[in-house]
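Engineer: this is a predicted model, with the sequence first.
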Amino acid sequence: METKRVLTVIGTRPEAIKLAPVVRELARRPDRFRSRVCVTGQHRELLDQAMAELQLEADHDLDVMRPDQSLAGLTTLALERLDRLIADTEPDVVLVQGDTTTAMAGALAGFYHGTTVGHVEAGLRTGNPQAPFPEEVNRRLIADLADLHFAPTEAAQAALLREGVAEERIRVTGNTGIDSLLWMRERVDTVPPESVPSAVRALPASHPLLLVTGHRRESFNGGLAAVCEAVRTVADAVPDLVVVYPVHLNPQVQATARAALADHGRIHLVEPVGYAGFVWLLNRATVVLSDSGGVQEEAPALGTPVLVTREETERLEAVAAGSARLVGHDPDRIEAELIRLITDPAARAPMTVPRFPFGDGTAARQIVDALEEWLQGGE
Ligand code: UD1
Ligand code: UDP
C-alpha cells in the first residue's frame, strides 16, 4: 500500500482525548500513513489544555471559536475553513470523531471533496433529535456522509445496520476514550496532579467527595439550574460532603452554576481541570453527577458510580452494566439518589465494580488496522 495521507479533525476537548490514541497509532506506522492533525479550535482553552497533556500537536489551526458562538455561525466558519484546507492538502482520508459541530463539518467537507471519511465513535443514538441537541442529528448526518464507521459497541453497530449502513463498512472497535483513560491512568500517580483543587488534595482518602460536571445545551432551559439546586440541597443534607464542580467555559453554564452555587463553603466551583487531574478526581470521587458523554464511559472503568443528569442517554451499556443510573433533571430524584449513594456503602457497592462496557483500551489499534485493511482493499 502506498503511503496514505490522513487528516484527523479535532474541535473540542473530548475529540482531542478520544482521537489522541488514533493519532499516536497512525504515527507508529509511517510507512503506511502520513498523519496530519487539524484543530478547528471550536474550543480554545479546553482544547489547548487537553492537547498539551495528551502530547498532541496541531499541524493546522483554523481558530474558529467565538464567545457564546451560535451553532450556525460555528458551522459556517468551520465548513469554509475545512473546505479550503482539504482543497489545499488533498488528504486521502478525513477522520472525525463523535457528534460535535466540528465532526459534522469535517465529514461534510470531506464528502464534498470526494475524500474517504472515517467516523470514530459511530452509531450512538438516543432516537430523539432534541436530546442531546444538536449532537443526535449531527451523528445521524455523519453516518450518511461517512465511508467507514468505527462503532464502539455492538449496540452502536446494530443502530447503524438498522439505518441501512452496509455491514462491511462497520467495525466494532471499542471506544478510544478508554484507550486514553488507561494511558492517562498509568501516568497519574496516587499523588494528585497539581491541577486538583487544594481543598480536595488535603482530604483523607475516604472522605465523601462528589464530582459534578454539566454542559449540555438542552439543559440550559432550566435543567442545569435544577441540577445545581439539587447539589446545594445535598451539600446541606450531608454535613461533611465536599463537592468539586469544574465548570465548563460555556458562558451559559458559568452563569447558571455560579448563580446557584458560588457562595457555599463546601462546594468548590473551579476552572476546568486538566485531563490528568480530572482522571485523578474521577477515580477518587465517591460519586460523579454528570451529563457528559465521556464521563459516562470513564466512570464505569474506574468503578466510580455515575448518576447521569439526562432524560435519555445513548450510552445505555453503562446503565445495563449497573455502573450508571439515569436521573434526569428532577431535583427530588437527584437528591434522593445522591444521598443514598453517598451515605450508604451497601447501595454504592454494586456500582463500584470496575466494568468495561465500552472496550478494553485497544480501540485505536483496531481502528487503524481496519483503516489499513480498507485502504489496501481499495487499491
Ligand atoms: C461542544 C459540543 C458538545 C461537546 C462539548 C464538549 C457541539 C454542538 N457541542 O459543546 O457536543 O459535548 O463541546 O465540551 O459541537 N468556550 C470557551 N473556551 C473553550 C471552550 C468553550 O470560552 O475552550 C465557550 C465559548 O464562549 C464558546 C462556548 O463555550 O462559544 C460554547 O462552545 P461550543 O463548542 O459551541 O459548545 P459546547 O457547549 O462546549
Ligand atoms: N474532562 C477534563 N476536565 C474536566 C472535565 C472533563 O479533562 O474538567 C474530560 C473527561 O475526562 C472526559 C472529557 O473531558 O474525557 C469529557 O468532556 P465533556 O464532558 O466536555 O464532553 P462530552 O464527553 O460530553 O462530549
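Structural biologist: Looks like it came in fine. Ligands and ions are numbered 1, 2, ... in the order given.
Engineer: where does pLDDT dip in this protein?
Structural biologist: 378-379 (pLDDT under 70).
Engineer: quick one: name the residues of it near ligand 2.
Structural biologist: 13-14, 17, 177, 213, 215, 246, 272-273, 275, 278, 292-295, 298 (Cβ under 6 Å from any ligand atom). Yep, even glycine has a C-beta here, placed from its N, CA and C like the rest.
Engineer: in which helix or strand would I find Val96?
Structural biologist: If you go by DSSP states H and E, Val96 is part of strand 93-97.
Engineer: what does the very next helix or strand once past that strand rub up against?
Structural biologist: Downstream of strand 93-97, the first helix or strand assigned by DSSP H and E is helix 101-112. Contacts with helix 101-112, where a contact means Cβ atoms under 8 Å, 6 or more residues apart in numbering, come from 9-12, 15, 40, 42, 71, 74-75, 78-79, 82-83, 86, 91, 94, 96-97, 116-117, 119, 134, 138-139, 141-142, 145-146.
Engineer: of these, grab the buried ones for ChimeraX.
Structural biologist: In ChimeraX syntax, the buried subset of these is picked out as below (16 or more other Cβ atoms under 10 Å):
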select :9,10,11,12,15,40,42,74,75,78,79,82,83,86,91,94,96,97,116,117,119,134,138,139,141,142,145,146
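Engineer: among the contacts of helix 101-112, which are located in helices?
Structural biologist: Residues of the contacts of helix 101-112 located in helices (DSSP state H): 15, 71, 74-75, 78-79, 82-83, 86, 138-139, 141-142, 145.
Engineer: want to throw those residues into CSV with distance to Thr233?
Structural biologist: Formatted as CSV, the ones in helices among the contacts of helix 101-112 follow (distance: Cβ to Cβ, whole Å):
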residue, distance to Thr233
Glu15, 35
Leu71, 33
Leu74, 35
Thr75, 39
Ala78, 40
Leu79, 44
Leu82, 45
Asp83, 49
Ile86, 50
Asn138, 34
Arg139, 35
Leu141, 40
Ile142, 39
Leu145, 45
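Engineer: relative to ligand 2, which of the residues you listed is nearest.
Structural biologist: Set against ligand 2, the nearest of these by Cβ to the nearest ligand atom is Glu15 (8.2 Å).
Engineer: list the contacts for that closest one?
Structural biologist: Contacts of Glu15 by Cβ under 8 Å, 6+ apart are 9, 97-98, 100, 102-103.
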